[in-house]
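S.K.: Structure, please.
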Amino acid sequence: MKKHIPLLLALCLLLTVPALAAEDSMENFVRSKTYDQQFSDLSADSVFYSNVSALYEYGLSVGKPDGTFGLKDSLTVGQAVIFAGRIRSLYRTGDPELGPAAYRTEGQATAVPYLLYLQAEGILGTELDGQLSSAATRAQMAHVLANLLPPEALPAINEELVSEGYATRRFITDVTEYTPCQQDILALYRTGVCAGVDAYGTFLPDSAITRGAAAAMLTRLADPALRVTLDWDLSYAYSAKGATLASLVEPGTYVASPAAAGEMDSAIRYMLSRGESTMTLRYPGLSAVKARQVMQQALSTVKLYCEQGYNSVSCSYSLAGDMTLTFSAAGVGDWIQEYRTSAMEAAIEVHDQLWANRQITSGMTELEKARVYYTWVCENTAYDYQAGDDSISHTPYSLFELGTAVCDGYTGAYNLLLKLEGIDCTALSNNSHIWTVATLDGTAYHIDTTWGDSGPAINYSYFAMTEEQSRAEHPW
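M.R.: The predicted structure is shown next:
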């Protein structure tokens, strides 16, 4: 029977491999040990406590021979490779040593089989050959770890936040296109493996990686619950705070006696872009009939900018030909500027909230953004069937502050939101209705929020209509 002992021993060793180990599975990361103050330099209030204790419990480290973990000690490239090889092997086989074991030969340096294993797996190339005994930089650590797990095991939970924060150069500012391993570093932020060393996500790519910081990155790979969901405040990048109604108008040139439509448009834009509500014109030999014609032309023009809140005009003129047009809104009178200010503040709040909730992101097209605002207007407004000609439901203010509007209120509020987004738009009307024409991603579309909100559910057939489709619905 003695000659069978080696066979029995081999069978016992095979049985020590986890029975439920799966191939390529996060379920292979099991805390098989219990941390109970094994490391004398790891206190419960340490920023790395949960990470270092997890590293021990996953069986990925037993610390240093002196009973410490060495939180502040630097990690060598070889040690980084060893840790990475163990994590890769545990994920692939259920055993942290099984993968590297196939590359172990007598006389090797300790880290070599782990490096050969990672190279065979396509995780690393030859870039770290000859550097195993050197202190690892944080950039090198990122390079070693970035591709250890596939995307399905390491989803990009911070994708939009990192893309926005990095693109605006407010976060991770010490990582540039010239930084070694730039994309590997950014990948760790996107996947929650790294959050940086301060509130601005500073990475310190050229600094030596400490064992404590390495433990944090390693255990976030192994345990999704330890990954960091970033909470960076990116409101500076999208907030419309500070915008004014005047700032939303392309400045025009003052024309003293506008006649053609283009001249009146330029004069109106001159007034609006200066934040004014009156316009002084001069028509020698001015008659009452001519004054009324000018008023009608000016009112039709200002309604193209219905987001400004003006929908009525009064006039005073002299026999010398001087006339002053004063713009307001029906039912508002002398309080027009207060109503316009309130509408603007409410629109900014809506704009910023949709960005803060990630309903609108920088990666969206203008068409996609416009649809989000279309949905918001329809979901937050009721048509005011009781509105008369002097109702404030004809203004954007009513939609934002009261939740009721008629077509010019719908269109004005919607256009105001689009213009806060930097989207070029105007209003178009016929004898009984008004709607939006917006240029989205270079293409002109007709958008009717009023009719989109005319049924029990939002009707998106009135969103992004071609001119032909729009004429079929409401000719002009």
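
S.K.: Helix, strand or coil: sort out the most centrally placed residue in the chain for me.
M.R.: The centroid of the chain falls nearest to residue 361 when counting by C-alpha atoms, centre = their mean (4.1 Å). Classification of residue 361 using DSSP: H, G, I helix; E, B strand; the rest coil returns coil.

S.K.: same question, residue 310
M.R.: When the rule is three-state DSSP, residue 310 gets the label coil.

S.K.: Could you count how many residues lie near the residue lying closest to it once chain neighbours are set aside?
M.R.: Leaving out its chain neighbours, the residue that sits closest to residue 310 by C-beta to C-beta, 6 or more residues apart in numbering is residue 327, at 4.1 Å. C-beta coordinates here come from the backbone N, C-alpha and C atoms, glycine included. For residue 327, the count of nearby residues is 22 (other C-beta atoms under 10 Å).

S.K.: I'd like the next helix or strand past whichever helix or strand residue 327 is part of.
M.R.: Assigned by DSSP states H and E, residue 327 belongs to strand 322-328. Per DSSP H and E, the first helix or strand lying C-terminal to strand 322-328 is helix 336-356.

S.K.: right, and the helix or strand after that following helix?
M.R.: Once the chain leaves helix 336-356, the next helix or strand it forms, by DSSP H and E, is helix 366-379.

S.K.: neighbouring contacts of that following helix?
M.R.: 350, 354, 359-360, 364, 399, 410, 413-414, 417-418, 421, 423, 438, 440-441, 445, 447, 449, 452-453, 458, 460, 463-464 (C-beta atoms under 8 Å, 6 or more residues apart in numbering).

S.K.: quick revisit: check contacts around the residue nearest to the centre of the chain.
M.R.: When contacts are counted by C-beta under 8 Å, 6+ apart, residue 361 touches 160, 164, 355.

S.K.: Please type out the PyMOL selection for whichever of those residues turn out to be buried.
M.R.: Applying 16 or more other C-beta atoms under 10 Å to these leaves a buried subset, and the PyMOL line that selects it is:
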select buried, resi 164+355
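
S.K.: From the contacts of residue 361, pick the one nearest residue 271.
M.R.: The closest of the contacts of residue 361 to residue 271 turns out to be residue 355 (C-beta to C-beta; 30.7 Å).

S.K.: gap between that closest one and residue 394?
M.R.: Per C-beta to C-beta, to the nearest Å, residue 355 is found 29 Å from residue 394.

S.K.: Now stretch 158-173: buried residues?
M.R.: For stretch 158-173, by 16+ other C-beta under 10 Å, it's 158, 161-166, 170-172.

S.K.: Equivalent analysis for stretch 464-476, please.
M.R.: Buried positions in stretch 464-476, judged by neighbour count with 16+ other C-beta under 10 Å: 464-465, 470, 474.

S.K.: which ones among these are found in helices?
M.R.: Judged by DSSP state H, the subset of the buried residues of stretch 464-476 located in helices is residue 470.
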